[in-house]
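J.: Here's my sequence, what's the structure:
(one chain, ligands or ions: 2)
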Amino acid sequence: MMENLGEAMMEIRRRQRMRPRMPTELVGFWKGEDLLDGKPVRSNTIVFRTKGCYWAQKGGCTMCGYTYDAAVTPPTADDLIAQYRSVENSIDGKVVKLFTSGSFLDKGEVPEKARDEILSSLSKKASKVIVETRPEFVTDKALEEAKKYVERLEVAIGLETSSDKIRIECINKNFLFMDFVKASETAKRHGVTTKAYLLLKPPFIDEKDALDDMVKSVLDAAPYAGTISINLCNVQRGTIVDELFRKKAYRPPWLWTIVEIIRRVHGKTGAIIMSDPLAAGSPRGPHNCYRCDHAFADAIRKYSITQDVSVFDGLGCECRLTWEKVLELEAWTFGAPLLY
Ligand code: SF4
Ligand SMILES: [Zn+2]
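T.: Ligands and ions are numbered 1, 2, ... in the order given. A predicted model of the protein is given here:
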């Protein structure tokens with residue numbers, strides 16, 4: 001469809017208007033639940049406003065609208081520390097996740113002074129800290145420095161899929177499965193664990209290929225990641241996925257699909273399998289027929305926190321037959337969705 005996904009993304013990004021924000025203003029902070037040593041515990045997520053992901057500035061990934069949260073003027077180390085201070089007293093989770101809509105370990109985004117100050121403070125508050133990062137920033141030096149402050153550290157990497165073809169040609173992620181493996185091995189040498197984020201149903205593939213790709217990706221990634229979180233692609237503004245969606249050429253995944261994936265991989269790996277169905281039940285988010293979406297999303301969240309596959313036993317809806325037809329027939333429409 002497009003010769004160069006990066007150029008197409010740049011073209012779309014140029015058309016977006018960025019809202020100017022204070023460099024001391026955090027993107028977000030919320031409380032949730034996570035698994036720690038097999039038990040559900042309170043978790044906090046902090047999303048810092050940085051200058052943004054360097055790869056997004058070159059176009060970046062086809063589904064990623066996070067870059068529009070970036071600051072127009074790059075925040076200094078002190079700005080980032082001020083962002084942290086704005087929520088410091090609300091932190092009450094045993095697990096704290098640090099997101100930047102980019103890479104926390106990229107010094108271009110989070111200068112060392114800010115990184116050290118934040119990790120040092122968190123070492124007194126949380127049992128485990130998870131930092132989101134692209135694999136190229138998972139280096140011996142970065143981990144040595146971070147481990148000075150945090151004993152239990154995890155790197156969360158957006159692997160998306162174990163298929164290099166899909167990661168490059170559908171997502172434009174610009175790294176290979178081997179890069180993820182190397183990052184995970186580097187992490188392991190430093191006593192740091194790895195979490196892999198996978199992406200169900202990137203653009204340009206049909207529902208059945210997306211399902212098969214996720215099952216394979218979970219099995220491929222599990223030897224390198226203690227936790228695997230499957231993100232269900234949602235339609236974020238200012239992305240190729242958004243352009244396709246508006247042309248009726250993209251539909252987010254069915255919730256039946258993620259349930260089927262979990263059923264197929266459950267018990268086959270030593271990894272914890274999670275999924276948080278963001279925006280479930282809306283046209284721009286993962287959905288079934290809209291009548292059963294709420295029950296499905298609840299069950300998926302419950303599975304993530306219990307790892308108990310029986311939570312899906314009571315789920316049913318007449319839209320299952322339609323979903324089965326979609327799996328069977330969507331490939332014949334050359335990737336265009338059969339139904340919305
Ligand atoms: S998905 Fe991650 S790597 Fe890709 S552009 Fe967005 S923030 Fe950057
Ligand atoms: Zn339904």
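J.: Low-confidence regions, the protein specifically.
T.: The chain contains residues with pLDDT under 70 at 1-3, 334-335, 339-340.
J.: Was I right to think residue 115 contacts residue 104?
T.: Yes - counting by C-beta atoms under 8 Å, residue 104 is a contact partner of residue 115 at 7.2 Å. (C-beta placed from N, C-alpha, C; glycine too.)
J.: In terms of neighbours, single out the busier of those two.
T.: Using other C-beta atoms under 10 Å, the more surrounded residue of residue 115 and residue 104 is residue 104, with 27 against 24.
J.: I'd like the distance between the closest residue to residue 149 other than its chain neighbours and ligand 2.
T.: Spatial nearest neighbour of residue 149, excluding adjacent residues (C-beta to C-beta, 6 or more residues apart in numbering): residue 119 at 3.8 Å. Separation of residue 119 from ligand 2 (C-beta to the ion, to the nearest Å): 44 Å.
J.: Next, count neighbours for residue 119.
T.: Residue 119 - counted by other C-beta under 10 Å - has 22 other residues nearby.
J.: So it lies in a helix, does it not?
T.: Yes - membership of residue 119 in a helix is supported by DSSP: H, G, I helix; E, B strand; the rest coil.
J.: Now for it: which residues touch it?
T.: Residues in contact with residue 119 (C-beta atoms under 8 Å, 6 or more residues apart in numbering) are 129, 146, 149-150.
J.: repeat that for 10 Å
T.: For residue 119, the contact set (C-beta atoms under 10 Å, 6 or more residues apart in numbering) comprises 96, 98, 104, 126, 129, 131, 145-150, 153.
J.: swap in residue 252?
T.: Counting by C-beta under 10 Å, 6+ apart, residue 252 makes contact with 63, 200-201, 232-235, 241, 245, 277, 279-280, 282-287, 337, 340.
J.: do the same with residue 192
T.: Applying C-beta under 10 Å, 6+ apart to residue 192 gives the contacts 131, 138, 142-143, 146-147, 150, 152-155, 183-184, 186.
J.: Nearest residue to the residue positioned nearest the centre of the chain in space, please, no chain neighbours.
T.: The centroid of the chain falls nearest to residue 197 when counting by C-alpha atoms, centre = their mean (4.9 Å). Once flanking residues are discounted, residue 197 sits nearest to residue 158: 4.6 Å by C-beta to C-beta, 6+ apart.
J.: Next up, phi/psi of residue 95, please.
T.: As for residue 95, its main-chain torsions (degrees, to the nearest 10) stand at phi -110, psi 130.
J.: Can you give me the distance of it to residue 191?
T.: 17 Å (C-beta to C-beta, to the nearest Å).
J.: Between those two, tell me which one has more neighbours.
T.: It is residue 95, of residue 95 and residue 191, that has more neighbours when counted by other C-beta under 10 Å, with 21 against 11.
J.: Looks like the more buried one contacts residue 150 (just checking).
T.: No - in this structure, residue 95 is not within contact of residue 150 by C-beta atoms under 10 Å, at 11.8 Å.
J.: hey, what's in contact with both of those two?
T.: Residues touching both residue 95 and residue 150 (C-beta under 10 Å, 6+ apart): 126-130.
J.: Farthest-apart pair in the residues you listed, please.
T.: Across these, no pair lies farther apart than 127 and 130, at 11.2 Å, counting by C-beta to C-beta.
J.: Compare these two (neighbour count), which wins?
T.: When residue 127 and residue 130 are compared for neighbours, residue 130 comes out ahead with 23 against 14, by other C-beta under 10 Å.
J.: Against residue 170, how distant is the nearest residue to residue 319 once chain neighbours are set aside?
T.: Leaving aside its sequence neighbours, residue 319 sits nearest to residue 289 (C-beta to C-beta, 6+ apart; 3.6 Å). As judged by C-beta to C-beta, residue 289 and residue 170 stand 26 Å apart.
J.: for residue 151, same thing?
T.: 38 Å.
J.: out of these two, which sits in the more crowded spot?
T.: More crowded of residue 151 and residue 170, by other C-beta under 10 Å: residue 170, with 26 against 10.
J.: hang on, residue 109 in a strand?
T.: No - applying three-state DSSP, one finds residue 109 to be coil, outside a strand.
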